[in-house]
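Asker: sequence unknown, structure follows:
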């Protein structure tokens, strides 16, 4: 079952259960996925669906931070609720030790010896962890290992 079909089923269930917050969050996610499909004029591949979810996740995190900074707790909580629902459809995040193992493997495969090799290592690592680890976290760990 495709991600869009899964979300549509969840949306129907939320509508039947009269869960308005969940329904609205699912509609936003579905709209983002359909918009990406329309833009590409074809169905999305799994990795493209994941990219859309990551983009939406990042938007929710940034919006929640901005609302908190502005003292608008209610809106920040709403963004975080949407984020929780969104994360139900994302793959399980990698544990830090698993991530470090992947980074070590890529460093040895690429033959990286200094921080100048950061780009090549990041490309290899991000390809392997696609959507299961945050890019800034990966970057920080790679920099520590190459320093």
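Answerer: Nice, thanks for sending it over. These figures come from a predicted structure and were not determined experimentally. Numbering: from 1, shown residues only.

Asker: Report the mean confidence score over the helix or strand encompassing residue 25.
Answerer: In this structure, residue 25 sits in helix 20-40 according to DSSP states H and E. Taken as a whole, helix 20-40 carries a mean pLDDT of 93.

Asker: ok, residues contacting it?
Answerer: Helix 20-40 is contacted from outside by 3-4, 7-8, 10-11, 14-15, 43-44, 48-49, 52-53, 55-56, 78, 81-82, 85-86, 89, using C-beta atoms under 8 Å, 6 or more residues apart in numbering. From N, CA and C alone the C-beta is placed, and that goes for glycine too.

Asker: Filter those down to just the buried residues.
Answerer: 3-4, 7, 10-11, 14, 44, 48-49, 52-53, 56, 78, 81-82, 85-86, 89 (16 or more other C-beta atoms under 10 Å).

Asker: before we move on, which element is the residue most central in space within the chain in?
Answerer: Residue closest to the average C-alpha location in the chain (C-alpha atoms, centre = their mean): residue 54, at 2.7 Å. Applying DSSP H and E as the criterion places residue 54 in helix 46-69.

Asker: Does anything pack onto the next helix or strand after that helix? Which helices or strands?
Answerer: Sequence order places helix 73-87 as the next helix or strand after helix 46-69, per DSSP H and E. Counting contacts by 3 or more C-beta pairs under 8 Å, 6 or more residues apart in numbering; DSSP states H and E, helix 73-87 packs against helix 20-40, helix 46-69.
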